[in-house]
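Student: Predicted model and sequence below, questions to follow.
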Amino acid sequence: MSTVRKLNESALRGIYDAYMHEAFPPAELKPLAVMLRLMERGRYLCYGYYRNGRLAAYAFFYRHDSRVLLLDYFAVTPELRGRGVGSAFLAALDAVLGGVCILGEVEMPDSHDAGLNAMRLRRIAFYERAGFSLTGAACRLYGVRYAIIARRLPAGLTAAGLRGLLREVYRGLVPAPLRPFVLHLE
């Protein structure tokens, strides 16, 4: 049986220590203290997907407001990758989160490494199958270039409106002193 559970601080700590260093490159991994501080302020929502009582996947969101979330981290535990767990989790999360707009970042397939580009294209295709679309917006965050994906963008949102929304979202997520150095919207 599979269930989605909202995670508390203790569960976030456990997942961070047990799984996140393997799943994400150091340049992309926020310090745990930052996540915990956002969680304390009600700005960080963390969910686990459990199969037969064991963690199978996790998703962490930055909550901009009641209508917009940014998918900050999403991963399946190593032993279950490639088995449809991520797709099942996204579908189950949809029921939990309702009709909110979910923004996300996927690495641009613009590397000189063909194998890396192929992996990035597979990741984009995965999110597209889950109902996300490429928005045409991009950002460079901590030196990594990302395409912005979204599920359920507000109706009638223009390109300029999307850029404004992204600016607001990142203003809450990236500390002010770092923004000029680590965040560049394209």
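Tutor: Right, received. Where do you want to start?
Student: Kindly provide the distance from residue 161 to residue 77.
Tutor: Here the distance between residue 161 and residue 77 works out to 37 Å (CB to CB, to the nearest Å). Quick note: C-beta positions are derived from backbone N, CA and C, even for glycine.
Student: Could you do residue 42 as well?
Tutor: Counting by CB to CB - residue 42 and residue 77 are separated by 27 Å.
Student: between the two, which one's more packed in?
Tutor: Set side by side, residue 42 and residue 77 show more neighbours around residue 77, with 19 against 8, by other CB atoms under 10 Å.
Student: Check that one and give its pLDDT.
Tutor: Note for residue 77: predicted pLDDT of 98.
Student: Then residue 120?
Tutor: 96.
Student: what does residue 107 give?
Tutor: 94.
Student: By neighbour count, which bits of the helix or strand of the chain with the lowest mean pLDDT are buried? Give me those.
Tutor: Of the helices and strands making up the chain, the lowest-confidence element is helix 179-182, at a mean of 76, by mean pLDDT, DSSP states H and E. Judged by neighbour count using 16 or more other CB atoms under 10 Å, helix 179-182 contains no buried positions.
Student: For the remainder of this discussion, apply numbering that starts at 28.
Tutor: Renumbered: residue one is now 28, and that last one reads helix 206-209.
Student: Name the surrounding residues that touch stretch 115-131.
Tutor: Where contact means CB atoms under 8 Å, 6 or more residues apart in numbering, the residues beyond stretch 115-131 that reach it are 29, 31, 74, 76, 83-84, 86, 88, 93-98, 101, 103, 154, 157-159, 175-181, 192-193, 196.
Student: Can you list the buried residues in stretch 39-52?
Tutor: Going through stretch 39-52 with 16+ other CB under 10 Å, the ones that come out buried are 39, 42, 43, 46, 47, 50.
Student: is it possible to export these to TSV including distance to residue 169?
Tutor: Formatted as TSV, the buried residues of stretch 39-52 follow (distance: CB to CB, whole Å):
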residue	distance to residue 169
39	21
42	21
43	18
46	20
47	15
50	16
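Student: Can you add pLDDT and distance to residue 110 and give those back as a markdown table?
Tutor: Below are these laid out as a markdown table (pLDDT from 0 to 100; distance: CB to CB, whole Å):
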| residue | pLDDT | distance to residue 110 |
| --- | --- | --- |
| 39 | 98 | 24 |
| 42 | 98 | 19 |
| 43 | 98 | 23 |
| 46 | 98 | 16 |
| 47 | 98 | 20 |
| 50 | 96 | 16 |
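Student: Using JSON lines, please lay out the residues you listed together with secondary structure and distance to residue 202.
Tutor: As requested, the buried residues of stretch 39-52 are exported to JSON lines (DSSP: H, G, I helix; E, B strand; the rest coil; distance: CB to CB, whole Å):
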{"residue": "39", "secondary structure": "helix", "distance to residue 202": "19"}
{"residue": "42", "secondary structure": "helix", "distance to residue 202": "23"}
{"residue": "43", "secondary structure": "helix", "distance to residue 202": "19"}
{"residue": "46", "secondary structure": "helix", "distance to residue 202": "25"}
{"residue": "47", "secondary structure": "helix", "distance to residue 202": "20"}
{"residue": "50", "secondary structure": "helix", "distance to residue 202": "23"}
